[in-house]
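J.: Can you look at this prediction? I've put the sequence above it.
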Amino acid sequence: MGLDVGDRYVGVAITDGTNQIAEPLKTILRKVERPEYKFKPNRRDSRVPAMRRKRVEGVSNGSRPLTARPVADICQDLKELALENRVAMLVVGLPNLVDGTVTQQSKKTLRFVEELHSDDILRKIPWYWQNEAYSTFFVRKIREGRSRSSNKVDKDLDARAAARILQSFLTQNSDY
């Protein structure tokens, strides 16, 4: 099983029955919208349409405030997928630069995987690292090339990036 760990999502991929071809499986949320998010009314009147109301303090770009899901919940999701798909190993994409330089995102990924690895069941599965420099970027570019509508959100983007990471690992390590 391959993982593409991002700030908001974890993309998950698995191999086919021959362990030669990686396929996107699922995208797991790491962060969710906060339930208490509400629009603040404009200065004058609360009857102003929602589109014209001010947003929550500290959120200027119009995005909704997010909160992290408990790592235990994400572990549970991964354990269920691992058991359903009889996973023999986990390959995690490490977003180093092409020259191997460790990035800030690499450090975040390492910390998150360390938390996942504390789970008893997930710890029993062998874990491998695969350099995933620009995997999501390439998947997004391929997606844009296939569709004229680049504004359309591809909900499987992270799962596709995980498949790219897993496929790279399988190609480089054909003995698995």
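T.: All right, it came through fine.

J.: Can you show me the helices along this protein?
T.: Secondary structure of the chain (DSSP state H): helices at 71-84, 104-116, 120-124, 135-146, 157-172.

J.: confidence score at M1?
T.: According to the prediction, M1 has pLDDT 96.

J.: returning to what we had before: let me have the helices of the chain in TSV, extended by mean pLDDT and mean neighbour count.
T.: C-betas here are computed from N, CA, C, even on glycine. Converted to TSV, the helices of the chain look like this (pLDDT from 0 to 100; neighbours: other Cβ atoms under 10 Å):
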stretch	mean pLDDT	mean neighbour count
helix 71-84	95	15
helix 104-116	93	15
helix 120-124	92	11
helix 135-146	64	14
helix 157-172	92	23
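
J.: Would you mind saying which of those helices lies nearest L25?
T.: Judged by Cβ to Cβ, the one of the helices of the chain that comes nearest to L25 is helix 157-172, at 5.9 Å.

J.: Tell me the helices and strands packed up against that closest one.
T.: Where contact means 3 or more Cβ pairs under 8 Å, 6 or more residues apart in numbering; DSSP states H and E, helix 157-172 is packed against strand 2-5, strand 9-15, strand 22-29, strand 90-94, strand 127-131, helix 135-146.

J.: in the first one, what counts as buried?
T.: This means strand 2-5. Buried positions in strand 2-5, judged by neighbour count with 16 or more other Cβ atoms under 10 Å: G2, L3, D4, V5.

J.: ok, the second one touching L90?
T.: So the one you mean is L3. Yes: judged on Cβ atoms under 8 Å, L3 makes contact with L90 at a distance of 6.4 Å.

J.: what residues are shared contacts of the two?
T.: Listed as contacting both L3 and L90 by Cβ atoms under 8 Å, 6 or more residues apart in numbering is no residue at all.

J.: ok, A159 - contacts?
T.: So A159 contacts D4, G11, V12, A13, P24, L25, K26, T27 (Cβ under 8 Å, 6+ apart).

J.: Does the residue nearest to it when sequence neighbours are not counted have any beta-bridge partners, and if so which?
T.: Setting aside the residues directly before and after it, A159 is nearest to P24 in space (Cβ to Cβ, 6 or more residues apart in numbering), at 3.6 Å. Assessed by DSSP bridges, P24 has beta-bridge partners A13.
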